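S.K.: Dropping a prediction and its sequence here:
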Amino acid sequence: MFHSLVLFTDRLTPDQKATNSCSINALYFLFLFLISVRLYFLCLALNSSESKTDEDSAYFDPNVEEVLLEGYVGVEAKEPNLAARPEKPVLKKPGQPSRLRLRKRINESKAVMSTSGTELPTHLTDDSDSDNPIEYRDDDLHYPRQHPVMTSKNDDDDDEEEDVPISGLAAKVQRKDTLALRLDAPPCKDDICGQTPDDRRSLMHKASIKLERKLSERPTAEELEDRNILKKDGQGKTMEEKRKLLLRKLSFRPTIAQLKEQQIIQFNDYVEVTQAQVYDRKADKPWTRLTSTDKALIRKELNDFKALEMDVHEESRIFTRFHRP
């Protein structure tokens with residue numbers, strides 16, 4: 001704001017500064033007053049914030065820290081012991097089972113306990129009085145046979161980790177990928193059922209003989225004409241006639257009268273040539289030489305034309321612009 005005020009005063013002329021000196025001084029005093037008021041309020045805000053911090057530190061309750069840190073154990077700062085070791089080893093010992101095996105064994109024991117208690121119904125019942133959810137008995141699982149290579153790999157994996165038991169519903173939903181299905185399927189001896197390799201070899205030999213015979217034969221003229229490879233004699237003659245006609249038309253030169261009739265060429269037989277004077281051919285600009293009286297006459301003529309001759313709507317006549325005389 002102060003910068004804009006200084007720029008405003010710099011743009012004024014000495015006469016304007018002399019006439020407006022009172023107003024400029026008033027603006028300066030007003031600006032200084034606003035700055036002092038703003039500094040006063042800033043000092044008040046700083047003093048109030050310092051007093052609040054002093055009061056907070058004076059009335060700080062040590063129990064507040066305990067409330068804030070409830071559920072956390074405070075640890076005093078001390079120097080680290082570089083020779084300390086954990087109470088329990090992080091890595092498992094060589095003889096201990098893995099966590100995955102322990103978890104699987106716990107799940108298996110829970111499943112055995114749940115199934116050994118009572119036998120569950122295998123079908124839905126229409127008893128609507130029973131509040132408990134209906135449970136189903138797991139049928140005997142029949143796993144499909146696997147490829148010998150895959151079974152040998154699975155046997156090696158079983159030594160490391162045990163398989164997770166699959167429930168009855170999971171066994172019904174379980175599906176095998178395409179690769180496993182192809183590995184389980186017996187290898188097909190023949191690509192075409194009911195056909196031996198000798199039969200296929202004889203068929204291939206017959207087909208090759210037919211192809212060689214077809215390639216060695218020369219196609220007839222009718223076949224070549226149907227495929228648009230061989231042209232007829234009549235077409236050759238017509239092409240020769242067209243070529244001669246085009247050459248004759250190109251070699252023939254039309255007369256001037258024919259070109260004039262077709263409006264292709266237009267010119268005069270005789271041209272008049274005269275000597276021209278050399279002068280400045282730039283366009284004249286008379287409006288640059290108008291006097292004040294000429295300009296006044298032009299403005300008066302325009303005003304008369306707009307007022308008397310120009311057609312203007314009655315409601316739009318008030319918007320007509322006239323030039324000053």
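M.R.: Nice, I can see it.
S.K.: now the helix or strand encompassing residue 250: mean pLDDT?
M.R.: Assigning secondary structure by DSSP states H and E places residue 250 in helix 233-251. The average pLDDT within helix 233-251 is 84.
S.K.: One more: stretch 44-52?
M.R.: On average, stretch 44-52 scores 71.
S.K.: Report the separation between the closest residue to residue 224 other than its chain neighbours and residue 236.
M.R.: Excluding the flanking residues, the one nearest residue 224 by C-beta to C-beta, 6 or more residues apart in numbering is residue 230, at 3.6 Å. For the C-beta atoms, the positions are set from N, CA and C on the backbone; glycine is no exception. To residue 236, residue 230 is 11 Å away according to C-beta to C-beta, to the nearest Å.
S.K.: Look at those two and report which has more neighbours.
M.R.: A count of neighbours by other C-beta atoms under 10 Å puts residue 230 above the other of residue 230 and residue 236, at 13 against 9.
S.K.: how's the protein carved up into domains?
M.R.: 2-51, 205-266, 292-319 (automatic domain parsing).
S.K.: any chance of the ones you listed in JSON lines, plus distance to residue 79?
M.R.: Shown next, in JSON lines, are these (distance: least, C-beta to C-beta, whole Å):
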{"stretch": "domain 2-51", "distance to residue 79": "37"}
{"stretch": "domain 205-266", "distance to residue 79": "93"}
{"stretch": "domain 292-319", "distance to residue 79": "94"}
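S.K.: Of those, give the one that comes closest to residue 82.
M.R.: Closest approach to residue 82 among those (C-beta to C-beta): domain 2-51, 45.1 Å.
S.K.: For the protein, which helix or strand comes out least confident on mean pLDDT?
M.R.: Counting by mean pLDDT, DSSP states H and E, the chain has its least confident helix or strand at helix 148-160, which shows a mean of 51.
S.K.: Next SSE downstream of the helix holding residue 250?
M.R.: Taking DSSP H and E, what comes next after helix 233-251 is helix 256-261.
S.K.: who touches that following helix?
M.R.: For helix 256-261, contacts defined as C-beta atoms under 8 Å, 6 or more residues apart in numbering pick out 265-266.
S.K.: For that helix, buried residues please.
M.R.: In terms of neighbour count (16 or more other C-beta atoms under 10 Å), helix 256-261 has no buried residues at all.
S.K.: repeat for stretch 318-325
M.R.: Buried residues in stretch 318-325 (16+ other C-beta under 10 Å): none.
S.K.: quick one: the helices in the protein?
M.R.: 2-11, 14-19, 21-58, 62-68, 99-117, 148-160, 168-173, 178-184, 197-216, 221-226, 233-251, 256-261, 292-304 (DSSP state H).
S.K.: among those helices, where is the model least confident on average?
M.R.: helix 148-160 - the lowest mean pLDDT of these, at a mean of 51.
S.K.: picking that back up, nearest to residue 272 among the domains of the chain would be which one?
M.R.: Among these, domain 205-266 comes nearest to residue 272, with 17.2 Å by C-beta to C-beta.
S.K.: got the end-to-end distance for that closest one?
M.R.: 80 Å (C-alpha to C-alpha, to the nearest Å).
S.K.: Next up, phi/psi of residue 217, please.
M.R.: Main-chain torsions, residue 217, degrees, to the nearest 10: phi -70, psi 150.
S.K.: which residues touch it?
M.R.: Counting by C-beta under 8 Å, 6+ apart, residue 217 has no contacts.
S.K.: Would you quantify the distance from it to residue 306?
M.R.: 98 Å.
S.K.: repeat for residue 262
M.R.: 54 Å.
S.K.: Tell me which of those two has more neighbours.
M.R.: residue 306 (15 against 9).
S.K.: Tell me the spatial nearest neighbour of that one, not counting adjacent residues.
M.R.: Computed as C-beta to C-beta, 6+ apart, the closest residue to residue 306 that is not its neighbour in sequence is residue 320, at 5.8 Å.
S.K.: residues touching the one you found, list them.
M.R.: 306, 310, 312.
S.K.: again, but for residue 250
M.R.: Contacts of residue 250 (C-beta under 8 Å, 6+ apart): none.
S.K.: Alright, calling it a day.
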